[in-house]
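# predicted structure and sequence below. I'll ask about it afterward.
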Amino acid sequence: MRTACALALVLAACLSSPPRAAADGPPLVEQYLVQGRLAEGEAALVAALEASPKDARARFGLGTVQFLRAVERMVQSFHHFGLRPDPTGGNVPFARLPVPANPDPKSIRYADLRAIFQAWNDDLRKAEETLTALDDPDVKLPLHFGRIRLDFDGDGKASDDEVLWKLYARLNSQAQVTPAQAQEFLITFDGGDVAWLRGYCHLLMALGESYLAHDGKELFDRTAHLFFARPETPFASLLGEQAAGEGRPDVGQIADFIAVIHLLRLTVSEPKRLGAALDHLKAMLVLSRASWKSYMAEDDDDHEWIPNPKQTGVIPGVKITEEMVKGWTITFPRRGRRTPRGPQANPLLARCRGPGREPAPRLHRTARVRPRPLGPGHGGRPLPGGGGSQHSPEVWRRLQRIFRGEFLGFAVWFN
C-alpha cells in the first residue's frame, strides 16, 4: 500500500507544471533519482527554484542531483574510453569506480583524460555552489537511497543492474543486502548533511586539482595500456593483445607495473592548481566542523545519515559514541595551543582566526605550495622541526581503540 501511494505521488508530480516539491510528501528530486533521469531532474529542480527561490528542499535536491550527475558523468566517460578494472587491486582511486565493461571502447589520449578530470571538477563546483546558497538549518531531504539509479554506460537509460544498492552489494560482498532491505532503505538528509556534502565536493575537487596540477603525460604514454583498452600513445604499436587483468600477467606487464611506480615522479606544470587544491582542503575542514556542530545540536531521530550519540543511524550495527565525537575533534587543536610540528604532526590542522573572530582551520606554513615533483622521494618528506605530541603514536592508538580499529573508515564517512 505504501509503495502504491508513493507511486501515485510520483505520477502526480510528473503531471504538474511547473514542477514543485511538496513539503510533506516525497521530495521532487526522488522520482528522477529512482528512474535514473538525472538530467531531467536537474532541469525540473531549476524550474522549481525559479518559481520558488526560497524552497530549501528543492535547492538541496538540486545540489544532490548535480553531485550525482558529476559521478555519473565521470563513470560514463571512463566507460566510453574502456577503463579496465584496477589492475593494482584497488590502489588507484578512480580506477575503483564501478565502470561497466565496454565491448567497443574509443581510443583515449592524455588530453582526453585531463578533460575528464576538468569536467569532474566543473560539475562538483556547480553542485557545491548550489548548496552554498542553502541557508535553512531545518531543511530535510528524505531519499530512498537504495532505489537510486545512475546511467553508468551512457546508453540513455538506467537499467536494473545500475541501481545503487546492487552496485554497493557487488563492491561489498560481505554486506549481504537483500532487495527488500534496499527498497526500504531511507535516509533523511538534514542541515548537517548539507555541510557534509559541500565538504566532500571540496575534498574531491582538491584531488582533481592536484591531478591537473601535474604533468602526467609520460606516465600516461608508457602505462595507460594497463588501465584503458585503446590508449593513443607513441608506444601503442608495441603493446600486446592481452588485456591487463585477463589471465596471468606476462613479463612485459610486470615490468609495466614496476614502471608505474618509477614514473610517479610528476613535475608540477600548473602551480596555481595546487593553491586551488589547498583552498579546497581549507574549506573542507571548515565545513567538517560546521557539519558536526549541526549534528550535535539535533534533538530528533529521523533516519540519520550521520547520527549524534543520542540518535540512531541508518547504518545497521554502527553506534556513534560521545568518546568517538571527542576523539574526532583531537585533530583540531584548541585555540592558543602551539601547532605541532615534525614527522608526526598533521600539517592541515593549525588554526588561525577566520571571519567573525571564529577560529578556522588553516594549512600549516610548512605545507605551502611549492612546485616540486610528486612521487617517491618528494611527497613523503618529513616536515621540519620537532614535537608532534598531539599526533603521536599514542594518540593514534587511542583513536584506533575508540573507533574499534576502524578510524580511517570512520574518517572517510565523517569527512
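Structure's in. What do you need? Numbering: from 1, shown residues only.
# wasn't Ile187 part of a strand?
Yes: according to DSSP: H, G, I helix; E, B strand; the rest coil, Ile187 belongs to a strand.
# surely it meets Phe145?
Yes: using CB atoms under 8 Å, Ile187 makes contact with Phe145 at a distance of 5.0 Å. (C-beta placed from N, C-alpha, C; glycine too.)
# Leu143: which element?
According to DSSP states H and E, Leu143 maps onto strand 140-144.
# give me the contacts around stretch 298-316.
Stretch 298-316 is contacted from outside by 140, 142, 185-190, 192-193, 196, 291, 295-296, 319-322, 324-325, 413-414, using CB atoms under 8 Å, 6 or more residues apart in numbering.
# tell me the mean pLDDT over that stretch?
Average pLDDT, stretch 298-316: 95.
# endpoints of that stretch, how far apart?
This stretch, stretch 298-316, spans 20 Å end to end (CA to CA, to the nearest Å).
# flag every buried residue along that stretch.
Buried residues in stretch 298-316, counted by 16 or more other CB atoms under 10 Å: Glu298, His303, Glu304, Trp305, Ile306, Pro307, Asn308, Gln311, Gly313, Val314.
# how about stretch 85-104?
Pro85, Asp86, Pro87, Phe94, Ala95, Leu97, Pro98, Val99, Pro100, Asn102.
# beyond the strand holding Leu143, next helix or strand please.
Next helix or strand after strand 140-144 toward the C-terminus (DSSP H and E): helix 164-171.
# so for stretch 127-141, what gets flagged as buried?
For stretch 127-141, by 16+ other CB under 10 Å, it's Ala127, Glu128, Thr130, Leu131, Leu134, Val139, Lys140, Leu141.
# next one: stretch 179-192
For stretch 179-192, by 16+ other CB under 10 Å, it's Ala182, Phe185, Ile187, Thr188, Phe189, Asp190, Gly191, Gly192.
# distance to Glu218 added to those residues, as JSON lines?
Listed next are the buried residues of stretch 179-192 as JSON lines, based on distance: CB to CB, whole Å:
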{"residue": "Ala182", "distance to Glu218": "44"}
{"residue": "Phe185", "distance to Glu218": "45"}
{"residue": "Ile187", "distance to Glu218": "44"}
{"residue": "Thr188", "distance to Glu218": "48"}
{"residue": "Phe189", "distance to Glu218": "43"}
{"residue": "Asp190", "distance to Glu218": "47"}
{"residue": "Gly191", "distance to Glu218": "46"}
{"residue": "Gly192", "distance to Glu218": "44"}
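# tell me the two of these that are most distant?
Ala182 and Gly191 (26.2 Å; CB to CB).
# circling back to that earlier point, nearest to Met205, of the buried residues of stretch 85-104?
Nearest to Met205 among those: Phe94, at 13.8 Å, using CB to CB.
# who's in contact with that closest one?
Taking CB under 8 Å, 6+ apart as the contact definition, Phe94 lies against Met74, Phe78.
# distance of it relative to Ser294?
30 Å (CB to CB, to the nearest Å).
# so of the buried residues of stretch 298-316, which ones are in strands?
Among those, no member is found in strands (DSSP state E).
# nearest to Trp120, out of these: which one, please.
Trp305 (23.2 Å).
# related to what we said a few turns ago, closest to Gly63 out of the buried residues of stretch 85-104?
Leu97 (21.2 Å).
# OK, contacts around the closest residue to the closest one other than its chain neighbours?
The shortest distance from Leu97 to any non-neighbouring residue, by CB to CB, 6 or more residues apart in numbering, is to Val75 (5.4 Å). Contact analysis of Val75 by CB under 8 Å, 6+ apart lists Leu97, Pro98, Val99, Leu150, Phe152.
# give me that answer again for 10 Å
Counting by CB atoms under 10 Å, 6 or more residues apart in numbering, Val75 makes contact with 83, 94, 97-100, 150-154, 162, 167.
# what's the answer for Phe60, then?
Phe60 sits next to 21, 27, 29, 45, 130-131, 134, 136, 139-141, 143, 189-191, 193-194, 197 when contact means CB under 10 Å, 6+ apart.
# can you rerun that using 8 Å?
Pro27, Leu131, Leu134, Val139, Leu141, Phe189, Val194.
# so what's the residue count around the last one?
The burial metric for Val194, expressed as a neighbour count using other CB atoms under 10 Å, is 27.
# may I ask you to confirm that it is in contact with Leu134?
Yes: contact criterion CB under 8 Å: Val194 and Leu134 qualify, at 5.5 Å.
# find the residues that touch each one of the two.
Common neighbours of Val194 and Leu134 (CB under 8 Å, 6+ apart) are Phe60, Gly63.
# residue ranges of the helices in this protein, please?
For the chain, applying DSSP state H gives helices covering 2-15, 28-35, 38-51, 56-80, 110-132, 164-171, 179-183, 191-213, 217-223, 251-262, 271-297, 322-328, 393-402, 407-414.
# report all helices and strands that the last one contacts.
Here helix 407-414 touches helix 322-328, helix 393-402, going by 3 or more CB pairs under 8 Å, 6 or more residues apart in numbering; DSSP states H and E.
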